[in-house]
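1. 3D, please:
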Amino acid sequence: MAYDLGAVAPLTASVTDGSGAPANSGTMTFTITLPDDNAVTVDPVTPTATGSYSYAYTTTQPGRHMVRWLGAGANPFALADVFDVRDQAPVAIVSLADAKAQLNETDDVDDAELRGFITGASLAVERELGRVVARRGFTERRTANAGRVLFSNVPVLAVTSAVSADGTTTWTADDLDVDTDSGLVTAKPGAAPLAGDIDFIYAAGMRTVPDDYQLATLIIVQHLWETQRGRGGAVFGGSQEPEYMSGRGFALPRRALELLDTTLPGVA
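-> As a prediction, this is how the structure comes out:
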């Protein structure tokens, strides 16, 4: 599960005795190891009901959090888990509202889970296209070669910062010539040439997302959502996707790939 920075993560644990009935542990300790390796520990945790323990943690750091419940004494118990916290908008080619409309979902019970499916489908579309669609910021260190740098993510929207790794040279956006489609960056005449390792902060993605990219993302979300709920690969409309396509799994339906203009195996 992923939470937005500042949101409350409701964490729970359920303890049973040898017969499977709810029962309290003698003592229960709860620990969260934060992304910076510091820890938050609650000892002891008081059960909210027989065998039920909970802790509402207000998130303060982005990144991976490791959770551990440890019950000692009567009815010993141990549970390890993880959750993530993000400090920026999730990668999303389509909105939550559009995804819910595609799925005919009318309540908000599954919204948090569905947002994860949207991100997964959006990243899958970007991998198929080989380019960024959902615009967002990137930070990366690149090594200049013959005065040139090639960004990993395209299309490039804007470069906001460029500083040599040793901190001695800074380039402004006006100093740089950026080929937005290829990600090739060079220094303009009169600016210091690009050399050595350089730390860049830039934005990439599409300011306007084509309708077919959005529809393909919605189809992938729908496909994953239905198979996750045990429909065994059934697709609305009575059709069935092939179980296997050479070189591909079944996560991306053929109809989505066709919308992305991706060449399919055996199809000219």
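2. For Glu258, pull up the helix or strand it's in.
-> Assigned by DSSP states H and E, Glu258 belongs to helix 254-259.
3. Who are the packing partners of that helix?
-> Packed against helix 254-259, as judged by 3 or more Cβ pairs under 8 Å, 6 or more residues apart in numbering; DSSP states H and E, are the following elements: helix 211-228. Heads up, the C-betas are built off the backbone N, CA and C, glycines and all.
4. List the contacts of the helix it packs on.
-> 93-94, 98-99, 102-103, 114, 117-118, 120-122, 124-125, 129, 133, 233-236, 241, 250-253, 255-257, 259-261 (Cβ atoms under 8 Å, 6 or more residues apart in numbering).
5. about what we covered before: in the helix holding Glu258, which residues are buried?
-> Arg254, Arg255, Ala256, Leu257, Leu259 (16 or more other Cβ atoms under 10 Å).
6. Which residue comes closest to Val82 once chain neighbours are left out?
-> Met66 (5.5 Å; Cβ to Cβ, 6 or more residues apart in numbering).
7. quick one, what contacts Glu140?
-> Phe151, Ser152, Asp199, Phe200.
8. what two of the residues you listed are the furthest from one another?
-> Ser152 and Asp199 (13.4 Å; Cβ to Cβ).
9. Mind checking which of these two has more residues around it?
-> Neighbours per residue (other Cβ atoms under 10 Å) separate Ser152 from Asp199, with Asp199 holding more: 14 against 11.
10. Name whatever forms a beta bridge with that one.
-> Legend: beta-bridge partners of Asp199 under DSSP bridges are Arg141, Val163.
11. Settle this for me: it is touching Thr160, isn't it.
-> No: Asp199 is not in contact with Thr160 according to Cβ atoms under 8 Å; the separation is 11.5 Å.
12. which residues sit against stretch 202-209?
-> 93, 132-138, 151, 153-161, 183.
13. likewise stretch 119-134?
-> Here stretch 119-134 has contacts from 2, 90-94, 153-155, 204-206, 209, 213, 216-218, 220-221, 224, 251-252, 256-257, 260, 262, using Cβ under 8 Å, 6+ apart.
14. Which residues are in contact with the closest residue to Thr143 other than its chain neighbours?
-> Counting by Cβ to Cβ, 6+ apart, Asp197 is the residue found nearest to Thr143 once chain neighbours are left out, at 5.4 Å. Listed by Cβ under 8 Å, 6+ apart, the contact set of Asp197 reads Arg141, Arg142, Thr143, Ala144, Ser164, Ala165.
15. quick one: the last one from Arg141, how far?
-> Distance, Ala165 to Arg141, by Cβ to Cβ, to the nearest Å: 7 Å.
16. okay, those two: which has more neighbours?
-> Ala165 (13 against 9).
17. Quick check: that one touching Asp199?
-> Yes: with contact defined as Cβ under 8 Å, Ala165 reaches Asp199; the gap is 6.1 Å.
18. Then Arg64 would be within a strand, right?
-> Yes: counting by DSSP: H, G, I helix; E, B strand; the rest coil, Arg64 is located in a strand.
19. burial measure for it, as a count.
-> Counted with other Cβ under 10 Å, Arg64 comes out at 13.
20. likewise Ile220?
-> Residues near Ile220, counting by other Cβ under 10 Å: 28.
21. Quick check, pLDDT for it.
-> For Ile220, the pLDDT comes out at 96.
22. Distance of it relative to Glu126?
-> 12 Å.
23. Just send the contacts of Glu140 back as JSON lines, with pLDDT and distance to Thr31 too.
-> Below are the contacts of Glu140 laid out as JSON lines (pLDDT from 0 to 100; distance: Cβ to Cβ, whole Å):
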{"residue": "Phe151", "pLDDT": "98", "distance to Thr31": "40"}
{"residue": "Ser152", "pLDDT": "97", "distance to Thr31": "36"}
{"residue": "Asp199", "pLDDT": "98", "distance to Thr31": "35"}
{"residue": "Phe200", "pLDDT": "98", "distance to Thr31": "38"}
